[in-house]
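*Asks:* From the sequence below, what's the structure:
(chains A and B)
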There are 2 protein chains.
Amino acid sequence: MSENVITGSREVAATAIDPGWSCPLPLRDSPTIVMGHGAGGALSAELVEHLFLAGYGEANGGDGGDAAVLPLPGCRVAFSTDSYVVKPTFFPGGNVGDLAVNGTVNDVAMSGARPQFLSTAFIIEEGTSMEDLGRVARTMGEAALRAGVRLVTGDTKVVDSGHGDGIYVNTAGIGIVDDGVDVRPSRASVGDKVLVSGPLGLHGVAVMSSRHGVEFGTAVRSDTAPLNGLVTEMLATGADIHVLRDPTRGGLAASINEIARAAQVGIRIDERSLPVPDSVVNACGLLGLDPMLVANEGKLIAIVPADDADRVLEAMRRHELGAEARVIGECVAEHPGTMVARTGLGATRVVDLPLGEQLPRIC
Amino acid sequence: MSENVITGSREVAATAIDPGWSCPLPLRDSPTIVMGHGAGGALSAELVEHLFLAGYGEANGGDGGDAAVLPLPGCRVAFSTDSYVVKPTFFPGGNVGDLAVNGTVNDVAMSGARPQFLSTAFIIEEGTSMEDLGRVARTMGEAALRAGVRLVTGDTKVVDSGHGDGIYVNTAGIGIVDDGVDVRPSRASVGDKVLVSGPLGLHGVAVMSSRHGVEFGTAVRSDTAPLNGLVTEMLATGADIHVLRDPTRGGLAASINEIARAAQVGIRIDERSLPVPDSVVNACGLLGLDPMLVANEGKLIAIVPADDADRVLEAMRRHELGAEARVIGECVAEHPGTMVARTGLGATRVVDLPLGEQLPRIC
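*Replies:* Below you'll find the model as predicted:
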């Protein structure tokens, strides 16, 4: 869909305040931030590459993954951060608090790391009810206990009424990467199988239904959950797991696209094998959404050598968060960097990185 | 001043949604968040103790310092986070970007750690100018290079126009705590000297003057700066530095009060020895502020054994950020947990932890 919007590279006019600044953003001809810049799709990727990383210059030390794997004396750690601005704060199946704990636990775990410590930082709007804030804090404590991490440092800022929007939560997390573990998007290889841990689209639909006050058949609840226990079981098989990724903002399509580009392999997904619950299918039909683009907060994609797929799948199915795990595709030599889906009719279509927002403020 | 506001403990009414929740906050009889909860004073401390830590329960693993010192296989790390919501985004001497880098570098360094890695997470209001955001990112890169840290992982969220407020930045930081280093507020001991690294009040006055469009005599610029290089020089003396603290929100008074309480010593400051520039004195007079309560972003307090004070002071003065370092007080056996100031007239007065906001959204 992006070709309708691409208008070519453009340099934003420099001003007298800072005459040196220019920011070529090829995808959109906008001198200002739009919602899509925060949606985890192509606009987000462009902002990171052309504005943030360009601005950081030599100080940039990231490797492009959800978490950075860092050398310390005596061990490697995975380090990740996310802010959570989900609207509404409370939704079926969770709230911004467990979302913030689970989300960062999962980002750390997707490096194959064992999450240990989280920071928690709040930006709260003046006038927010103490009771709501207390519920969020308690939910965070419960989520941290479930995930086996400790909340060790924090910060609180309050912004004047009319700014912020209730409760924003940032978490950063540290996990230990054990010796021999090497899990990163660029390791996806031709012949690898693509696995998913369970039903897709629940978080996005739960938040949207809550926002619009509609229910789609049976009530859909967010799948927010900590995936580190599942990852531990998968690694314990001894399989050489190449890639782990939690398909949050931008859904399955964004994650698979990012992996395909990082590893320069083609990835082919079989749409008929995707575990999408009827309630999600119905909701997406009504809202005009593609289930492959809808956010998940308790699911992972694993890319493993074909020979290892069965034992990893068995380990996943023994865990409560992987009971419905299955193979959904494979890595191929054709069309490197591109995700394709085999449709229900047997045709093949390209699935591109979404441009911008399908569901703003979903996490 | 707090006695006028203390209204006794109160339990916020439970609701049908979450009947178990109650939050006794002794200082204020408010069922909602007020600006003072984010100001780093007594209200902030109360919110942390009674709401956040109570909510986190067994998942709380913090030690109450600005940074948590954590055991990893092979080393100890200091871990800290802060969100920056300063208004305006750009002010004399800096912007939210270098503030966010320096602030977290400093919080990590105040554990005696060597800061290594920072995460950067943005919450940006739709419609924010790309140019402003680019300037902030570039400033962050420059600040990180100056401090010798790398920006390794990040996140971007966009909130709809009318929410958020321009650019909010969260940073979290990781530093290495070398063997033998043990710097924490509770180590302040009777007889220790209290040192400060330079002139006080510049950041707060710079932001306030920028916000109100007034200048106080010569223009006052924020002192935002990374203090880790200064700390390295101080530790290199071999002195047994007991406490380091950067007096940000709540100023000198908040930091000294927190140290006095953590260590259960009295701390006596000589007001006549405080390095407060005339421009800050004038601005505080006009605005009705106490210079001891105004935020600094590039100063540190050190508490060291009396025998070590001279060599630490010499090391500080050799560093550009400590050129005006001096002794401002001492730890005493009297009035444990309390800060007192000897005034210009020779009298002694209690300086309490500020209740709430003197300068909202100063950092």
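
*Asks:* okay, CA-based contacts and neighbour counts for the rest of this
*Replies:* Will do.

*Asks:* who's in contact with the residue in the stretch 251-363 of chain A positioned nearest to chain B?
*Replies:* When scored by CA to the nearest CA, the stretch 251-363 of chain A has A:Arg361 as its residue closest to chain B, at 6.9 Å. Neighbouring residues of A:Arg361 by CA atoms under 8 Å, 6 or more residues apart in numbering or on different chains: A:39, A:85-87, B:157-159.

*Asks:* Which other helices and strands does the longest helix seen in chain A contact?
*Replies:* The longest helix of chain A (DSSP state H) is helix A:130-147. Secondary-structure packing of helix A:130-147 (3 or more CA pairs under 8 Å, 6 or more residues apart in numbering or on different chains; DSSP states H and E): helix A:96-109, strand A:150-159, helix B:54-56.

*Asks:* Just the buried positions in that helix, please.
*Replies:* Neighbour-count burial for helix A:130-147 flags A:130-145, A:147 (criterion: 16 or more other CA atoms under 10 Å in any protein chain shown).

*Asks:* Now do the residue positioned nearest the centre of chain A against chain B, distance only.
*Replies:* Nearest to the mean C-alpha position of chain A, by CA atoms, centre = their mean, lies A:Thr248 at 3.1 Å. Counting by CA to the nearest CA, to the nearest Å, the gap from A:Thr248 to chain B is 13 Å.

*Asks:* That residue in helix, strand or coil?
*Replies:* coil (DSSP: H, G, I helix; E, B strand; the rest coil).

*Asks:* so what's it up against?
*Replies:* A:294-297.

*Asks:* Go through the residues you listed and single out the one with the most neighbours.
*Replies:* Of all the contacts of A:Thr248, A:Ala295 has the most neighbours under the rule other CA atoms under 10 Å in any protein chain shown, reaching 31 neighbours.

*Asks:* Next up, phi/psi of that residue, please.
*Replies:* Per-residue torsions, A:Ala295: phi -70, psi 140 (degrees, to the nearest 10).

*Asks:* I figured it hits A:Ala254, correct?
*Replies:* No - if you go by CA atoms under 8 Å, A:Ala295 and A:Ala254 don't touch, sitting 9.7 Å apart.

*Asks:* what are the phi and psi angles of A:Leu289?
*Replies:* Residue torsions, per degrees, to the nearest 10, at A:Leu289 are phi -110, psi 150.

*Asks:* quick revisit: show me which of the helices and strands packed on helix A:130-147 has the highest average neighbour count.
*Replies:* Most buried of these, by mean neighbour count (mean count of other CA atoms under 10 Å in any protein chain shown): helix A:96-109, with a mean of 30.

*Asks:* can you pull the contacts of A:Leu151?
*Replies:* Residues in contact with A:Leu151 (CA under 8 Å, 6+ apart) are A:117-120, A:141, A:144, B:56, B:59-62.

*Asks:* How about A:Arg326?
*Replies:* A:Arg326 sits next to A:195-198, A:313 when contact means CA under 8 Å, 6+ apart.

*Asks:* In contact with the residue nearest to A:Ala263 when sequence neighbours are not counted: list those residues for me.
*Replies:* If the residues on either side of it in the chain are set aside, A:Ala263 comes closest to A:Ser186, at 3.9 Å by CA to CA, 6 or more residues apart in numbering or on different chains. With CA under 8 Å, 6+ apart as the criterion, the residues that contact A:Ser186 are A:243, A:259, A:262-264.

*Asks:* Nearest to B:Asp278 among these?
*Replies:* Using CA to CA, A:Ala262 is the member of the contacts of A:Ser186 that sits closest to B:Asp278, with 56.6 Å.

*Asks:* Can you report how many residues lie near that closest one?
*Replies:* Applying other CA under 10 Å, we find 18 residues neighbouring A:Ala262.

*Asks:* now do A:Val85
*Replies:* Neighbourhood size, A:Val85 [other CA under 10 Å]: 27.

*Asks:* nearest residue to it other than its sequence neighbours?
*Replies:* A:Tyr168 (5.0 Å).
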